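[1] got a predicted structure here, sequence first:
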Amino acid sequence: MLLQKYNVIGKEEVYAYIKEKLKQELNGKEVYTPREFVSNLRLELSKKGIELNSPHQNAILGIISCRDEVVKIPEGLRDLNYMDFSSLGALYISGKEGLEVLAHHLPEEKDKWIVLLHLPHIGYDMENEKFGYIRRKGQKSDSPCCGAHAFLKESKKVSGKNLNPYTELHLIYQVIANKAKVKNDPYEWTKSLYKENAFYLAEALIEVVKENALMGFFYLPYLQVHVQDNGMKEEGIHYDVFIPLEFRIFYQNDQR
Ligand SMILES: [Zn+2]
């Protein structure tokens, strides 16, 4: 249905339609197009004196997204220098050491910041008003999105024992396995999973900021939603929108 609309009207109108629909579904939550997401982010950072671009760059960016082929980092972020902390399932698994490396890549400015963008993803079927699935290019039926979660939650073949310990799925399994029963709603389940990951991250970030005498950090989590309807599934295309998650953290180091 939406695809037919798209053929007639422009991309902006399709986005407006999607935003309205998702806003209703999520009780008025903010929904950003990729362009709005990037411009809001720039604005928010500049209000706090954080600059990711030269010549006055005083911050370094880290991005945590899923390795899934459907994930696309929006234009305007892709061309920035950033460190990629992505994993299958978009969980942060690089430890405090990963953040220390990030801190050592900061430019030689006085007041330095770390900006961490956490971008987990989820599919949304507009026709059936359902989160958690997407139609991938060349496939005839829908598959779970985020697929890494579904694989670890649902597969009867998987247990902590038969996953190779040298893989990230093994690590993620340990985080996810004991939460499989928490929520059946993929949207709520996804949020609860990343909230816990955010608290772990914040602790490690505070230590790294203090140890390296940085100004602070800004941790910004957004859910990347891949929106499709029946008409678009045939072609395996989708529209991405971004929903800010509520557990964002701004930390300023007062001990400097
Ligand atoms: Zn995924």
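    Arrived safely, thanks for sending.
[2] make it CA atoms for all contacts and neighbour counts henceforth
    Noted.
[3] list the residues that contact the residue in the stretch 51-200 of the chain that the ion sits nearest to.
    Of all residues in the stretch 51-200 of the chain, the one sitting closest to the ion is Cys146 (3.7 Å; C-alpha to the ion). Taking C-alpha atoms under 8 Å, 6 or more residues apart in numbering as the criterion, Cys146 is in contact with Gly89, His121, Ile122, Gly123, Gly132, Tyr133.
[4] narrow those residues to those in strands?
    His121, Ile122, Gly123, Tyr133 (DSSP state E).
[5] excluding chain neighbours, give the residue nearest to the last one in space.
    Nearest residue to Tyr133 in three dimensions, chain neighbours excluded: Pro144, at 4.3 Å (C-alpha to C-alpha, 6 or more residues apart in numbering).
[6] got the confidence number for the one you found?
    According to the prediction, Pro144 has pLDDT 89.
[7] please apply the same query to Leu77.
    On pLDDT, Leu77 comes in at 91.
[8] if I look at the closest residue to it other than its chain neighbours, how far off is the ion?
    In this structure, Leu77 finds its nearest non-sequential neighbour in Val38, 7.1 Å apart by C-alpha to C-alpha, 6+ apart. Per C-alpha to the ion, to the nearest Å, Val38 is found 21 Å from the ion.
[9] which stretch of helix or strand covers Val38?
    Assessed by DSSP states H and E, Val38 sits inside helix 34-47.
[10] how about that helix: buried residues?
    Pro34, Phe37, Val38, Arg42, Leu45 (16 or more other C-alpha atoms under 10 Å).
[11] check these and tell me the two furthest apart.
    Spatially, the most separated pair among the buried residues of helix 34-47 is Pro34 and Leu45, at 16.7 Å (C-alpha to C-alpha).
[12] check whether stretch 89-103 contacts the ion.
    Yes. Applying C-alpha under 5 Å from the ion, one finds stretch 89-103 in contact with the ion at Gly89.
[13] chain center to that stretch: distance?
    15 Å (C-alpha atoms, centre = their mean, to the nearest Å).
[14] hang on, Ile243 packs against Lys29?
    Yes. Assessed by C-alpha atoms under 8 Å, Ile243 is found in contact with Lys29 at 7.4 Å.
[15] so between those two, which is more surrounded?
    Ile243 (20 against 14; other C-alpha atoms under 10 Å).
[16] show me the contact partners of the helix or strand containing that one.
    Assigning secondary structure by DSSP H and E places Ile243 in strand 239-244. The set of residues external to strand 239-244 that reach it, using C-alpha under 8 Å, 6+ apart, is 15, 19, 29-34, 37, 220-228.
[17] among the residues you listed, which are in strands?
    Leu220, Pro221, Tyr222, Leu223, Gln224, Val225, His226, Val227, Gln228.
[18] make CSV out of those residues and add distance to the ion and pLDDT.
    Listed next are the ones in strands among the contacts of strand 239-244 as CSV, based on distance: C-alpha to the ion, whole Å; pLDDT from 0 to 100:
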residue, distance to the ion, pLDDT
Leu220, 18, 97
Pro221, 15, 96
Tyr222, 14, 96
Leu223, 11, 95
Gln224, 10, 96
Val225, 11, 96
His226, 11, 96
Val227, 14, 95
Gln228, 16, 92
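[19] can you name the residues of the stretch 1-150 of the chain that neighbour the ion?
    For the stretch 1-150 of the chain, the residues in contact with the ion (C-alpha under 5 Å from the ion) are Cys66, Gly89, Cys146.
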